[in-house]
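A.B. asks: Got a predicted model here, sequence first, then my questions.
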Amino acid sequence: MTDRDWLAQRFEEQRPHLRAVAYRMLGSTSEAEDAVQNAWLRVSRADVSAVENLRGWLTTIVARLSLDALRARKARREDLSGVHLPDPIVTRAGTSPGPDDEVVLADSVGLALLVVLETLSPAERLAFVLHDMFGLPFEEIAPIVDRTPTATRKLASRARQRLRGEGAASALASRGTASPLRQRQLVDAFLRAARGGDFEALVRILDPDVVVKADVGSLPLPAGRGPVTRGAEAVAAQALTFRALAGGARPATINGAPGFVVFSGGRAFAILGFSFGADQISEIDILLDPERLARLDLSAVAQTPA
């Protein structure tokens with residue numbers, strides 16, 4: 001085996017881990033894959049004879065590339081408003097994600113957490129992801145963001161404060177305390193109530209402080225409605241406006257949690273991911289951007305019985 005073959009084999013062993021790092025950094029499956037592939041192009045030309053910790057070295061390379069991509073993305077979006085949801089990882093309800101997606105979704109990385117990560121600065125996100133999610137010491141993270149270890153620690157601290165302020169603390173651990181079975185029951189109850197036009201039933205299963213975040217892409221929002229809706233009654237009223245489309249909803253697993261995909265006219269109309277408190281729905285994240293929906297392979301979910 002040549003040195004290059006050895007390096008290629010070691011890199012492939014680390015690819016799922018590197019994809020997981022890039023996905024948490026970028027919230028995009030395609031951009032994460034690009035970052036990992038670009039990392040390989042750099043690594044394949046490098047002298048690794050002096051590298052003692054290959055996994056850590058590869059992680060920092062992917063982190064640097066992801067940080068550059070985040071900064072470029074922030075510049076492109078600086079004049080845009082609204083909510084940007086990460087790429088959801090969607091599987092048919094009752095099935096498990098593939099081996100690679102299992103690694104990407106380890107530690108219950110739900111949409112709610114990734115949505116809040118989108119609000120952080122690139123440096124804050126990197127410090128939080130690498131330290132709090134992957135356990136890298138601040139001494140190793142600091143050179144990536146061109147700061148001292150103390151300043152890098154403060155970046156991660158600010159990120160945690162933002163997460164707590166946005167109510168994402170439960171998403172960090174286990175998306176609340178509701179059991180997986182209870183989570184599916186809540187999502188099914190939500191769908192039944194929406195289909196049946198039962199406002200009171202919707203209010204009962206929604207946390208009083210529930211929030212809905214909708215990513216519409218370039219679509220115009222309905223008059224008088226913003227991308228974020230708060231409060232059980234407001235969210236219940238909004239759910240009833242989609243009653244006519246509820247018949248096209250199919251159960252799915254969204255980033256490891258129960259959710260559903262709504263189809264209309266043979267095409268995906270929306271993906272709804274849910275987060276949960278002890279016994280109620282605490283957040284609903286809705287991807288409505290038709291361009292992004294068209295890029296997802298949802299054929300398996302479309303065949304699921306309603």
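C.D. replies: Nice, I can see it.

A.B. asks: Which parts of this structure belong to which domain?
C.D. replies: Annotated domains of the chain cover 1-80, 180-302 [automatic domain parsing].

A.B. asks: which one of those is the most hemmed in?
C.D. replies: domain 180-302 (a mean of 18; mean count of other C-beta atoms under 10 Å). All C-beta spots, glycine's among them, are computed from the backbone N, C-alpha and C.

A.B. asks: Could you tell me the average pLDDT over it, please?
C.D. replies: Computed over domain 180-302, the mean pLDDT rounds to 92.

A.B. asks: Output the strand or helix carrying L155 as CSV - backbone C-alpha positions only.
C.D. replies: In this structure, L155 sits in helix 149-165 according to DSSP states H and E. C-alpha atoms of helix 149-165 as CSV (Å, rounded to 0.1, in the frame of the first residue of the first chain):
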residue,chain,number,x,y,z
PRO,A,149,-8.0,30.6,23.9
THR,A,150,-9.6,33.0,26.4
ALA,A,151,-11.3,35.0,23.7
THR,A,152,-12.4,31.8,22.0
ARG,A,153,-13.9,30.6,25.3
LYS,A,154,-15.9,33.8,25.3
LEU,A,155,-17.2,33.1,21.8
ALA,A,156,-18.6,29.8,22.9
SER,A,157,-20.1,31.4,26.0
ARG,A,158,-21.9,34.0,23.9
ALA,A,159,-23.2,31.3,21.7
ARG,A,160,-24.6,29.4,24.7
GLN,A,161,-26.3,32.5,25.9
ARG,A,162,-27.9,33.1,22.5
LEU,A,163,-29.1,29.5,22.5
ARG,A,164,-30.7,29.9,26.0
GLY,A,165,-32.2,33.2,24.9
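
A.B. asks: Could you pull out the strands in the stretch 151-300 of the chain for me?
C.D. replies: 206-215, 228-230, 249-254, 257-264, 267-276, 281-287 (DSSP state E, counting those that start in this stretch).

A.B. asks: tell me the mean pLDDT for the helix holding L155?
C.D. replies: 92.

A.B. asks: what does stretch 92-109 give?
C.D. replies: Averaged across stretch 92-109, pLDDT comes to 57.

A.B. asks: Export the strands of the stretch 151-300 of the chain as JSON lines, with columns for distance to E31.
C.D. replies: As requested, the strands of the stretch 151-300 of the chain are exported to JSON lines (distance: least, C-beta to C-beta, whole Å):
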{"stretch": "strand 206-215", "distance to E31": "16"}
{"stretch": "strand 228-230", "distance to E31": "24"}
{"stretch": "strand 249-254", "distance to E31": "19"}
{"stretch": "strand 257-264", "distance to E31": "22"}
{"stretch": "strand 267-276", "distance to E31": "18"}
{"stretch": "strand 281-287", "distance to E31": "16"}
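
A.B. asks: Out of those strands, which is closest to F11?
C.D. replies: strand 249-254 (29.4 Å; C-beta to C-beta).

A.B. asks: That closest one pairs with which strands, and in what direction?
C.D. replies: strand 90-92 (antiparallel), strand 257-264 (antiparallel) (DSSP bridges).

A.B. asks: Please identify which of those strands is closest to D68.
C.D. replies: strand 90-92 (27.9 Å).

A.B. asks: Now do the closest one: everything it contacts.
C.D. replies: The contact list for strand 90-92 (C-beta atoms under 8 Å, 6 or more residues apart in numbering) reads 97, 101, 252-254, 261, 271, 296, 298, 300-301, 303-304.

A.B. asks: about what we covered before: nearest to I89, of the domains of the chain?
C.D. replies: domain 180-302 (5.3 Å).

A.B. asks: Ends of the closest one, what's the gap?
C.D. replies: Using C-alpha to C-alpha, to the nearest Å, one end of domain 180-302 lies 22 Å from the other.

A.B. asks: for stretch 251-268, same thing?
C.D. replies: Across stretch 251-268, first to last residue, C-alpha to C-alpha, it's 13 Å.

A.B. asks: gap between stretch 16-35 and the chain center?
C.D. replies: Counting by C-alpha atoms, centre = their mean, to the nearest Å, stretch 16-35 is centred 11 Å from the centre of its parent chain.

A.B. asks: for the record, mean pLDDT for that stretch?
C.D. replies: 94.

A.B. asks: Ends of that stretch, what's the gap?
C.D. replies: Stretch 16-35: ends 12 Å apart by C-alpha to C-alpha.

A.B. asks: cool, and stretch 114-122?
C.D. replies: Span of stretch 114-122 from end to end, C-alpha to C-alpha: 13 Å.

A.B. asks: what about stretch 293-303, how long is it end to end?
C.D. replies: OK, stretch 293-303 end separation, C-alpha to C-alpha: 17 Å.

A.B. asks: what do you get for stretch 72-88?
C.D. replies: Using C-alpha to C-alpha, the distance between the terminal residues of stretch 72-88 is 21 Å.
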